[in-house]
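S.K.: Turn this into a model:
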Amino acid sequence: MDRKIIALIIVVLLVIVGVGAYFIYSNSQTPNITVNNSTNLPTTTTHTYKHNESNHPSHTNVTNNTKTNITSQQAMSIVNKLLKDDGFTDYSASTPQLMKAPNNKMVWHVPVLDPNKKYVWSVDVDAQTGEIYTLY
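M.R.: Numbers count the residues shown, from 1 in each chain. Below you'll find the model as predicted:
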């Protein structure tokens, strides 16, 4: 009788360790997000995109005559799609600002608002490629 209980405990522990390993492995993979738009933009972006004003170097505002491949409306659409795909259906993109990132890339700095229309974080969209821009 004692051997059956010990065997059962070992099986349960192996299952728990296996399930834990599966979740650790699956969460360590960065999923791709497909952007579905009608332009000829890249359709794959990485999942690392959320930041707030306190955890990244400041961007530099640029003049309105800077040429970009992505419009501010397209940047907002990309972020709204990203939010929807990630389950933030009540959140929305606000009016973006064109900025120069620390590495001199041009990005649309798109504020994200919660359901009460309060700023919660921002997403930077590469103004030339439409990809979600990260500093990392």
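S.K.: Tell me where this protein has helices.
M.R.: 2-28, 72-85 (DSSP state H).
S.K.: Where does the record place the domain boundaries for the protein?
M.R.: For the chain, the structural domains run 1-30, 33-133, going by automatic domain parsing.
S.K.: neighbours around residue 93, how many?
M.R.: Using other Cβ atoms under 10 Å, the number of residues around residue 93 comes to 23. All C-beta atoms are positioned from the backbone trio N, CA, C, and that covers glycine.
S.K.: quick one: contacts for it?
M.R.: Applying Cβ atoms under 8 Å, 6 or more residues apart in numbering, we find residue 93 in contact with 75, 76, 77, 79, 80, 83, 110, 111, 112, 113, 123.
S.K.: And these, which is closest to residue 8?
M.R.: residue 83 (45.8 Å; Cβ to Cβ).
S.K.: so who does the closest one touch?
M.R.: So residue 83 contacts 89, 91, 92, 93, 112 (Cβ under 8 Å, 6+ apart).
S.K.: Sounds good, over and out.
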